[in-house]
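>>> only geometry, no sequence info:
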Ligand code: IPE
Ligand code: IPE
Ligand code: MG
């Protein structure tokens, strides 16, 4: 079982376009996929689930789409808070540093974080207004401010200056809609992640699709630069 699974929830716009609906209808339809995947991950025993909901680059979208997304996210956070609390899920938000994030939405993020902070089940991180490079630059700034001598900077120490130092490396990234790119997602944590690229568009992604991705992961041979275990110690 992967300890940390991350999803790049892609394909909402195309889902809507195929139905001759506005792109925002795709974002709306994405909500049920999120709920299904959170529940599937929790029951499967995944300890860390991270969902990419809005990137630092997504500010380039038309203002009307961005505003609509902000409203949808706000509604979803409020609506599902009691269920997340009851299921023992600890919620966190990665990002939301931009002043364009409406203050009332940032407040809802803080409220849900506080409400579920005592939960000890799965940790659900929503990456919202997230950029992998921005987090790395912020960590570098924080390290410099701490006065750490250059020779003492290690990978572990560097990671301690990233937003959530307790967050383990990502084991599996699922990017829906067939697109195969990182799009500035958790650059530090995906260093050795396995990737799967299901063709299904995010609004159609359901628990069985998620479980199929876990199955694919289990068949992967994770070497971390080494050799497969059975050849270990073999004479060449
Ligand atoms: C992902 O779906 C949702 C966000 C980035 C907020 P898209 O909106 O990127 O959907 P496509 O890629 O245009 O189909
Ligand atoms: C990445 O998807 C961000 C999220 C899923 C939130 P995009 O659809 O915005 O990525 P690009 O622009 O196609 O790389
Ligand atoms: Mg997209």
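Okay, I see it. Worth saying up front: this structure is predicted, and the values here are computed from it rather than measured. Ligands and ions are numbered 1, 2, ... in the order given.
>>> residues from this protein in reach of ligand 2?
8, 9, 10, 52, 53, 54, 55, 57, 58, 179, 181, 183 (CB under 6 Å from any ligand atom). Bear in mind the C-beta positions are built from the backbone N, C-alpha and C, glycine included.
>>> The strand or helix carrying the fifth one packs against which elements?
Okay, so that is residue 53. Under the criterion DSSP states H and E, the helix or strand holding residue 53 is strand 48-55. Applying 3 or more CB pairs under 8 Å, 6 or more residues apart in numbering; DSSP states H and E, one finds that strand 48-55 contacts strand 4-8, helix 23-44, helix 63-86, strand 123-130.
>>> Strand partners (parallel or antiparallel) of that strand?
Strand 48-55 has the following strand partners under DSSP bridges: strand 4-8 (parallel), strand 123-130 (parallel).
>>> what about the next helix-or-strand element following the shortest one, distance to the chain center?
Downstream of strand 4-8, the first helix or strand assigned by DSSP H and E is helix 12-17. Centroid separation between helix 12-17 and its chain, computed with CA atoms, centre = their mean, to the nearest Å, is 20 Å.
>>> Point out where the chain drops to low pLDDT.
231-236 (pLDDT under 70).
>>> Residue 97 contacts residue 129, doesn't it?
Yes - between residue 97 and residue 129 a contact is recorded at 6.4 Å, counting by CB atoms under 8 Å.
>>> Which of those two has more residues huddled nearby?
residue 129 (22 against 15; other CB atoms under 10 Å).
>>> so what's the closest residue to ligand 1 within the chain closest to, chain neighbours aside?
Of all residues in the chain, the one sitting closest to ligand 1 is residue 13 (2.6 Å; CB to the nearest ligand atom). Of all residues not flanking residue 13 in the chain, residue 23 sits nearest, at 4.3 Å (CB to CB, 6 or more residues apart in numbering).
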